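# everything below, folded, please.
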Amino acid sequence: MGVVKVAIGDAVITFMWVFCASTLGVSTSLIQKALGFQSVAAALTITTSLIAFLVFVFNLLGDAMGGASFNPTGTASLYAAGIGDDNLISMAFRFPAQAIGAVGGALAIVEVMPPEYKHMLGGPSLQVDLHTGAIAEGVLTFIISFAVLYIVFKGPNNPLLKVLLLAMSTVALVVAGSSYTGPSMNPANAFGWAYVNNRHNTWEQFYVYWICPFVGAILAAWIFRVLFPSPVKQKKA
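Just a heads-up that it's a prediction; the model follows:
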């Protein structure tokens, strides 16, 4: 029952994440217009601030929901790094739940977004050849997974500074991968939008946005585990 409860929490928080994160483009544009700042630097600053706020809120929500997560590669990287209580069985429940939650979030935001802003919605899309996109998504997920592990477990003690570093890392990688795969760095989010666009059952979806991100996340976790081994607990005599 515990595994099912966690999976339900994953579905709910992934629904909420995809719904909220999909409004970042619209929110950034509206804030820019309201403040009168139209530069690229201003847009990046606003987006980074919004992501930092979302990460802070969703970290609290995830903790309150017993460790719920909205990113399958994040769950996989923690498992591969030897952190947390997950196992192969629990992940077999969590990953589909996250994908279902993402589909719900994408469908919901499409329904409620005003028509004049719907053109700003949409998930990651492959803009290069298949193998280049797969490598790009794998590398980007490797970097973000390692960055998350380092910032969360070896970074500054100040939680607000951690959130800011996570947001800055995310925005930097989104900009770097924008001309390759979107990017996603989150298979559930990619699947949600692929479902909306009827591309969820294609080889491109699984190869670029599922297989390679998982490879990148697991490699990042293994390297993190080698570089920063957990202290061995001494058995009491």
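# going by C-alpha atoms from here, please, whenever you check contacts or count neighbours.
OK.
# excluding chain neighbours, what is closest to the residue nearest the centre of the chain?
Centroid-nearest residue in the chain: N186, 4.3 Å away (criterion: C-alpha atoms, centre = their mean). Nearest residue to N186 in three dimensions, chain neighbours excluded: N71, at 5.4 Å (C-alpha to C-alpha, 6 or more residues apart in numbering).
# ok, that neighbour - contacts?
14, 98, 186-189 (C-alpha atoms under 8 Å, 6 or more residues apart in numbering).
# list the ones among the residues you listed that fall in helices.
14, 98, 187-189 (DSSP state H).
# so what's the residue count around L173?
17 (other C-alpha atoms under 10 Å).
# and the stretch of helix or strand it belongs to, how far out from the chain middle?
Here L173 sits within helix 159-177, counting by DSSP states H and E. Here helix 159-177 is found 11 Å from its chain centre; the criterion is C-alpha atoms, centre = their mean, to the nearest Å.
# follow-up on the earlier one: most neighbours, which of the contacts of N71?
N189 (32 neighbours).
# surely it meets V18?
Yes: N189 is within contact range of V18, at 6.3 Å (criterion: C-alpha atoms under 8 Å).
# between the two, what contacts are shared?
Joint contacts of N189 and V18 (C-alpha under 8 Å, 6+ apart) are A102.
# helix/strand/coil for L149?
Assigned by DSSP: H, G, I helix; E, B strand; the rest coil, the conformation of L149 is helix.
# which stretches of this structure aren't confidently modelled?
Residue ranges of the chain with pLDDT under 70: 1, 231-237.
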